[in-house]
Structures are given as structure tokens and as C-alpha cells.
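Q: curious how this folds, go ahead:
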Amino acid sequence: MALIQKDLVPGSGDQLLTLDTETNLEWLNLTVTANRSANEVLGGFGELTTTHGFRYATGADLGTLYAHAGITKGLSEPAFMPSPNDERNHTGIEVLLDLMNGKQYAAAPSSDTQSKITSHGINGGSPSWFVRFLSLNITKPMNSHTDVNPLLSLDHRAPYLGSYLVRDLSASSAATSAPGKPKKKPGAKKRAKAAKRR
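A: Predicted structure coming up:
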């Protein structure tokens with residue numbers, strides 16, 4: 001696996017990016033867009049799709065990311081069938097949940113049910129949009145899997161729902177300020193000091 005956590009704002013320690021070194025794609029932490037609809041994100045929230053150069057991930061983008069993490073169930077294998085890849089799949093989901101966050105914990109209400117940690121993210125684009133989720137099954141690791149449902153409305157928002165946004169590594173050098181904050185122009189401090197002396 002070649003997934004590395006990085007800062008969105010260099011040197012800030014925010015750890016809001018996950019770099020896939022095999023594709024040179026940077027993935028934004030799901031918490032940044034939690035409770036924001038796709039229309040809000042596309043409309044300029046945090047300047048993510050403009051200044052920061054992010055776009056909505058396609059199904060192919062996500063499939064590649066998940067495969068690089070070692071996730072197979074719900075992709076190349078049935079979600080609930082025993083597999084020799086069960087342990088690797090469970091670990092891959094756990095790692096990706098830790099890297100991209102957006103986690104929800106659902107405790108088992110009774111001994112007959114299962115405890116899970118899940119995350120949900122919007123992906124896709126015109127004409128089809130989806131909600132892709134990861135489910136880490138604590139009670140039954142062999143049932144850890146990923147699945148996808150259609151997104152019913154581009155205005156849908158929920159506290160547990162973020163957006164899978166991705167950008168090329170080369171785009172990150174052009175966008176280093178925090179989301180929503182304009183980048184400072186080179187030499188701005190020098191010009192300000194010169195203006196004060198006048």
C-alpha cells in the first residue's frame with residue numbers, strides 16, 4: 001500500500017490529505033465537506049473545486065484507491081462471502097477510515113447484532129451521482145466491505161456525509177492556503193511596508 005497522510009496547508013499539521021503514490025492523486029479528508037451538499041461544494045464551498053484544484057472522484061478513481069488499500073469485498077469479491085482476503089480487506093478498510101476519517105461508530109444494540117464503523121462519501125458526476133460507503137465490521141471482520149447507493153439529490157446533506165474530492169499532486173503546489181482563505185500574493189508584505197514608509 002502506498003498511501004501517505006499529508007497537510008492540505010503545508011506545515012500546518014492539519015493532515016487533511018491522503019496521497020496515493022501509485023496514482024499521484026491527493027484525496028481530501030471527508031470531514032472537510034461533512035454536512036455539505038454536492039451543490040454547495042460545486043458552488044464554491046471553501047474554494048475546494050477552484051483555488052484548491054479538487055474535483056469529484058469517479059467510480060474508477062475510488063476503485064483504484066480502494067484496491068491500493070487492499071479492499072476487495074464489495075468490489076472484486078462479494079461483500080458477505082468468506083474469502084482468503086478477509087483479513088487484508090478488513091485492515092485496508094480500517095487504514096482508509098483512519099486516513100480519510102468521516103467515521104461513525106454504531107455499537108451493537110444486542111448480542112445478535114454487529115458493531116460497525118462506517119464512512120460515507122459522495123462521488124460521481126453528470127449524469128450519475130453516488131454515495132459510496134465503507135463498513136468496518138468490528139464484530140465480524142469477514143463482513144467488512146464497501147457498497148454504493150445512488151445519491152437522490154445534489155442538495156442532500158447530512159452530518160455523516162462528506163464528498164470524495166481528489167486532485168493531481170501537481171495541482172497542490174499551486175494551492176497552499178487554507179480552504180476559504182485567499183492566497184497571499186508574492187511580495188505583499190514588502191509592498192505593505194513600503195506603503196507605510198511613504
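Q: which residues sit in contact with Arg55?
A: Residues near Arg55 by Cβ atoms under 8 Å, 6 or more residues apart in numbering: 49, 165-167. For every residue, glycine as well, the C-beta is placed using N, CA and C.
Q: what's the most distant pair in those?
A: Thr49 and Val166 (10.9 Å; Cβ to Cβ).
Q: give me the more crowded residue out of the two.
A: Using other Cβ atoms under 10 Å as the criterion, Thr49 and Val166 rank with Val166 on top: 24 against 18.
Q: residues in contact with the more buried one?
A: Val166 is in contact with 25-28, 54-57, 61, counting by Cβ under 8 Å, 6+ apart.
Q: could you do Thr64 as well?
A: By Cβ under 8 Å, 6+ apart, the residues touching Thr64 are 20, 23.
Q: repeat that with 10 Å
A: Applying Cβ atoms under 10 Å, 6 or more residues apart in numbering to Thr64 gives the contacts 20, 22-23, 25, 57-58.
Q: quick check: it is in a helix.
A: Yes: assessed by DSSP: H, G, I helix; E, B strand; the rest coil, Thr64 belongs to a helix.
Q: for it, give its distance to Ala106.
A: Look at Thr64 and Ala106: by Cβ to Cβ, to the nearest Å, they are 28 Å apart.
Q: of the contacts of Thr64, which pair is most distant in space?
A: Using Cβ to Cβ, the two most remote members of the contacts of Thr64 are Glu22 and Thr58, lying 16.5 Å apart.
Q: for the protein, just list every one of the strands.
A: Ranges of strands within the chain are 3-6, 17-20, 25-28, 55-56, 104-106, 116-125, 128-137, 145-150, 161-163, 165-168, based on DSSP state E.
Q: against Ser144, how distant is the nearest residue to Asp61 once chain neighbours are set aside?
A: Of all residues beyond its chain neighbours, the one nearest Asp61 is Val166 (5.7 Å), with distances taken as Cβ to Cβ, 6 or more residues apart in numbering. Val166 sits 23 Å away from Ser144, going by Cβ to Cβ.
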